[in-house]
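Colleague: need a 3D model of the sequence below.
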Amino acid sequence: MYYESKKVVIQKNPMSGSGLREPQLLRLTKRLEELGYEPCVYANREMMAADLEQEDFRNQTRCLVAAGGDGTVDDLINRFPGIPLTVLAMGTENLLAKHYEIPRNGGLVAEMIAAGHTRNIDLGLAGQKRFAVMASCGFDATVVKKAHDARQGRITKLHYIRPILETIFHRKRIELVATSPDLPEPFSCELAVVSNVSRYASNLPVNPDAIDNDGLLDICLFRNVTALRLIRHSLQGFLSGEITSTNIYRFSSRMVKLSSSKAVPIQADGDPIGETPLEFRVLPKALELIVPEKAANSKLEQTLIQNFATE
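Modeller: As a prediction, this is how the structure comes out:
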């Protein structure tokens, strides 16, 4: 049976971003209606899931919209695999939107949805948790965990200042071991970044050669990490556009496992997801992302959207 896919399902994270961006959500829904679509906005995750469990509703869904930050994106790709997705950046950080130059203007996002240009990209899998941009273990994951443990209401970049200082001045040595079929032997390090795309917080060039649809994860391992070296690496990245050091080792692989003698926090796209040991894998071209035409590799058709994909 054919359904014309006219519903656009929007998940709004009530804890994400600034209320100053709320008008963009209104612009998105208004412009979608003008273009003949039916926007369905949800702040309640359970209500959204219940509607998408209905076959008729799901089959009429053109795409999902993550109206929030990278955490909202990851929530949707984990709960509703197989449905095309796009982003209205409203959160503290949205590296995916920046990477593909998805506009922050709700009206332009609506027109982008109508145009239907898509890019099929890989996803990372950390244990059973999918992520779109990157995951890490070590210093920054510890900061993320502390910031989220202390959060009350919306989280902003200012919420990270105290956790950063605490982690610097009360840092305990971390001993990670990375193993992979593409490593000649287990590699000892103190910080590991696993990237699906080349974007990283503040656009630091941690894994600058990462490609979003090559079926590989790009991994950067840091040895002998100190607060001074982290500051030096950051300044080098900002000023020169590259981070180089004899204490850094980069490689690409479909799989890497991080382990440690004591549990170390792990974050994915800015949210805590667990602790070591954990295995990271790539899911090749697992997400159909609606993007501006210049970033696209295909066109989304107004046809039946299949049931949730099975990996």
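Colleague: contacting residues for residue 242?
Modeller: Applying Cβ atoms under 8 Å, 6 or more residues apart in numbering, one finds that residue 242 lies in contact with 205, 208, 236. C-betas here are computed from N, CA, C, even on glycine.
Colleague: swap the cut-off to 7 Å and go again
Modeller: Applying Cβ atoms under 7 Å, 6 or more residues apart in numbering, one finds that residue 242 lies in contact with 205, 208.
Colleague: may I have the phi/psi pair for it?
Modeller: Dihedral pair for residue 242: phi -150, psi 150, per degrees, to the nearest 10.
Colleague: show me how far stretch 198-208 is from its chain's centre.
Modeller: The chain centroid and the centroid of stretch 198-208 are separated by 13 Å, computed with Cα atoms, centre = their mean, to the nearest Å.
Colleague: ditto for stretch 116-123
Modeller: With Cα atoms, centre = their mean as the basis, the mean position of stretch 116-123 lies at 14 Å from the chain mean.
Colleague: now do stretch 115-123
Modeller: A distance of 14 Å separates the C-alpha centroid of stretch 115-123 from that of its chain, computed with Cα atoms, centre = their mean.
Colleague: how about stretch 62-77?
Modeller: When distances are taken as Cα atoms, centre = their mean, stretch 62-77 is centred 9 Å away from the chain's centroid.
Colleague: and that stretch, what's buried?
Modeller: Residues 62-77 are the ones in stretch 62-77 that count as buried (16 or more other Cβ atoms under 10 Å).
Colleague: ok, of those, which one's closest to residue 10?
Modeller: The shortest separation between residue 10 and any of those is 4.3 Å, and it belongs to residue 65 (by Cβ to Cβ).
Colleague: sticking with that closest one, tell me its helix or strand.
Modeller: Using DSSP states H and E, residue 65 sits within strand 61-68.
Colleague: OK, contacts around residue 49?
Modeller: Applying Cβ under 7 Å, 6+ apart, one finds that residue 49 lies in contact with residue 79.
Colleague: just residue 298 next, same as before
Modeller: Here residue 298 is in contact with 118, 120 (Cβ under 7 Å, 6+ apart).
Colleague: ditto for residue 287
Modeller: With the criterion set at Cβ under 7 Å, 6+ apart, residue 287 makes contact with 77, 85, 121, 123, 132.
Colleague: just the CA trace of the helix or strand containing it, in PDB.
Modeller: When secondary structure is defined by DSSP H and E, residue 287 falls within strand 278-290. Provided in PDB are the C-alpha atoms of strand 278-290 (Å, rounded to 0.1, in the frame of the first residue of the first chain):
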ATOM      1  CA  LEU A 278      33.700  -1.100  26.000                       C
ATOM      2  CA  GLU A 279      34.000  -2.000  22.400                       C
ATOM      3  CA  PHE A 280      33.400   0.400  19.500                       C
ATOM      4  CA  ARG A 281      32.300  -0.700  16.100                       C
ATOM      5  CA  VAL A 282      31.100   1.000  12.900                       C
ATOM      6  CA  LEU A 283      27.700   0.600  11.300                       C
ATOM      7  CA  PRO A 284      28.300   1.400   7.600                       C
ATOM      8  CA  LYS A 285      25.800   3.900   6.100                       C
ATOM      9  CA  ALA A 286      23.300   3.200   8.800                       C
ATOM     10  CA  LEU A 287      21.700   6.700   8.800                       C
ATOM     11  CA  GLU A 288      19.900   8.600   6.000                       C
ATOM     12  CA  LEU A 289      20.400  12.200   6.900                       C
ATOM     13  CA  ILE A 290      18.600  15.100   5.200                       C
END
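Colleague: picking up where we left off before, so which of the contacts of residue 287 sit within helices?
Modeller: Using DSSP state H to define helices, the subset of the contacts of residue 287 located there is residue 77.
Colleague: just curious, which of the contacts of residue 287 is nearest to residue 296?
Modeller: Minimum separation from residue 296 among those (Cβ to Cβ) is found for residue 121, which lies at 11.1 Å.
Colleague: so what's that closest one closest to, chain neighbours aside?
Modeller: Of all residues beyond its chain neighbours, the one nearest residue 121 is residue 212 (4.3 Å), with distances taken as Cβ to Cβ, 6 or more residues apart in numbering.
Colleague: what is the burial count for that neighbour?
Modeller: If you count neighbours by other Cβ atoms under 10 Å, residue 212 ends up with 23.
Colleague: the residue lying closest to residue 203 once chain neighbours are set aside: which element?
Modeller: Nearest non-adjacent residue to residue 203, counting by Cβ to Cβ, 6+ apart: residue 98, 7.6 Å away. Assessed by DSSP H and E, residue 98 sits inside helix 95-99.
Colleague: average pLDDT for that helix?
Modeller: When the per-residue pLDDT values of helix 95-99 are averaged, the result is 91.
Colleague: just stretch 64-75 next, same as before
Modeller: For stretch 64-75, mean pLDDT rounds to 93.
Colleague: please apply the same query to stretch 237-246.
Modeller: This predicted structure assigns stretch 237-246 an average pLDDT of 77.
Colleague: since that was my last question, I'll sign off now.
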